[in-house]
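S.K.: okay, predicted coordinates and the sequence, questions at the end:
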Amino acid sequence: MPSPLFADRPAPQPPAHDAVDDLIHRTRRLRGDVDAVRRDAALFDEDDPQLRWQRALCELAVHHLDNLDEHLGQLRAGLPGPRTEDSAPRDDEAPAGPGAGSPLNRVGSAEWNLLTDESSWSDELYEIFGRPPGSTPLSLDDLPSVLLPEDQPLLTAMVTGCLVDGRPMDGEFRIVRPDGGIRTLHMTGEPVLDAEGCTASMWAVLRDVSELRRSEQAVSRSRATVRREKHIERTEHRMAVELQETVLPPWRGSLRLPARGPGALDIAAHYLPSASSGLIGGDWYDAMELPDGRTLLTVGDLTGHGIPATSAMAMMLGALRGMAVAGIEPGALLGHLNQVLETSVQPALGSALCCRFDPGTSLLTWAQAGHPAPLLFRDGSGRLLPPPDGMLLGAASNVVFEQDDVRLLPGDVLVLHTDGLTRRGDRGAGPEALLALAPRFAEARTAQECVRSVVEEFGGTERPDDACVLVARIGA
């Protein structure tokens, strides 16, 4: 139960598009202001280390704002597209230490003088590399020794391109600190030319982006998990639908049973999905002619959804058909079904309605297992048949299911359904809503027209569960 302190607070909602658009606008405006400062800094003496530092910081700020603009755009658009393999975050970074994770220690600078072989590092860079302040800085020749072997060629190519061809440096690599921690660094830099245009030194700004890359990795993993779960959900839904369509009766429209002779039943049925099309449950309906000329009518529902529910439904319906063909009475048949469900690999609960109609005597023999009773419509009015004793399938062992008889008359309409159709609380759709269709059933000439009336009444209802309805109209 939620705390009363928060009971009246609205549920969290995703950010509105207007708010995200405003953030994007402000980010781009700030990016323009920072870029203007960067351009102004470029007009001053390039030999001033402080000015180079300021310009590098402006470039880093612009880089951050570009990333922020991109991420806000993704937030507005929804789930972004898949990452490329080259842009995927690293998996082998160690957790950040308390020193390296602080904001002041994430950005450092270095300069390597090619004329004097001197190297100078900022205090922040010592912290990033985990080296004692004041110790000898790593030279360009020694720097690759602290990189992971697979990243060393990248650094060598960047330094060579900067010193030989005068190209700016911009790339990432991973270092191993003395404590064994692995950090990801983003390095930008440029050559410093002497009066004759030759490279005299090289400066660089190194930024610890380990936390940023770990955050991107978490986002990437979450995105991959969502995609994987959606793919699994779609696959399971498709398999459940295919299994359901394979198991449920292949006939569509109306069915006449028995095919010949007086007193035949005009039968029609329909499956109504839930409000969420992904919830394929264990509902079933069936009608079949038995070897002795009588007719089996059944509907049922098993708990659960997806492949487990539909596969269990297939097992139950197969057992039900076999026992009905063998001539087992409806009450005893449900007792055997209860045993089948109890001993199944995946135990579940279920409800069922089993009816057997004899066209010679117009007698309907039926039993129920925790299931809504059939509705009988006659002369423009309807009523629920009094249910014989029975409990949910799988709820207990050695259960005896009683059965009852009712004599049907020509023109009667019998409606069997699962509880997803009339569950109370679904916009008042109790049994009364079905009984209210009596005048329309009286005017209907076929069972299919009766089913159509049910679908028109309940098809648009936001049901939390799927449902089945089977209508049998007694012929003359």
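M.R.: Alright, I've got the coordinates.
S.K.: now the helices for the stretch 201-350 of the chain?
M.R.: With DSSP state H, counting those that start in this stretch, the ranges of helices along the stretch 201-350 of the chain come out as 210-247, 306-325, 330-342.
S.K.: reformat the ones you listed as CSV; add mean neighbour count, distance to Pro291 and mean pLDDT.
M.R.: The way it works is simple: take the backbone N, C-alpha and C, and place the C-beta from them, glycine included. Converted to CSV, the helices of the stretch 201-350 of the chain look like this (neighbours: other Cβ atoms under 10 Å; distance: least, Cβ to Cβ, whole Å; pLDDT from 0 to 100):
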stretch, mean neighbour count, distance to Pro291, mean pLDDT
helix 210-247, 14, 21, 72
helix 306-325, 19, 6, 82
helix 330-342, 21, 15, 92
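S.K.: export those helices as a markdown table, with columns for distance to Val62.
M.R.: Formatted as a markdown table, the helices of the stretch 201-350 of the chain follow (distance: least, Cβ to Cβ, whole Å):
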| stretch | distance to Val62 |
| --- | --- |
| helix 210-247 | 16 |
| helix 306-325 | 50 |
| helix 330-342 | 66 |
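S.K.: so Pro372 touches Pro431, yeah?
M.R.: Yes: using Cβ atoms under 8 Å, Pro372 makes contact with Pro431 at a distance of 7.1 Å.
S.K.: so for those two, which sits in the more crowded spot?
M.R.: Taking neighbours as other Cβ atoms under 10 Å, Pro372 and Pro431 compare with Pro372 leading, 22 against 19.
S.K.: OK, contacts around that one?
M.R.: 351, 353, 417-419, 422, 431 (Cβ atoms under 8 Å, 6 or more residues apart in numbering).
S.K.: out of these, which are buried?
M.R.: Among those, those classed as buried by neighbour count (16 or more other Cβ atoms under 10 Å) are 351, 353, 417-419, 422, 431.
S.K.: so Ile474 makes contact with Arg256?
M.R.: No: at 11.7 Å, Ile474 and Arg256 do not qualify as touching, with contact defined as Cβ under 8 Å.
S.K.: with neighbour numbers in mind, choose between those two.
M.R.: Higher neighbour count among Ile474 and Arg256: Ile474, with 22 against 13, using other Cβ under 10 Å.
S.K.: ok, now which ones touch the more buried one?
M.R.: The contact partners of Ile474, by Cβ under 8 Å, 6+ apart, come to 263, 265-266, 362, 408-414.
S.K.: most surrounded residue in these?
M.R.: Using other Cβ under 10 Å as the neighbour criterion, Leu414 leads those with 26 neighbours.
S.K.: how much space between the spatially closest residue to that one that is not a sequence neighbour and Cys162?
M.R.: Sequence neighbours aside, Ala472 is the residue nearest to Leu414 in space, at 4.5 Å (criterion: Cβ to Cβ, 6 or more residues apart in numbering). Using Cβ to Cβ, to the nearest Å, Ala472 is found at 86 Å from Cys162.
S.K.: of the two, who's got more company?
M.R.: Neighbour count, other Cβ under 10 Å: between Ala472 and Cys162, Ala472 has more, with 27 against 21.
S.K.: where's Lys230 relative to Gln346, distance?
M.R.: Distance check for Lys230 against Gln346: by Cβ to Cβ, it reads 24 Å.
S.K.: scratch that, Glu233 is what I was asking about
M.R.: Plainly put, Glu233 is 19 Å away from Gln346 if you go by Cβ to Cβ.
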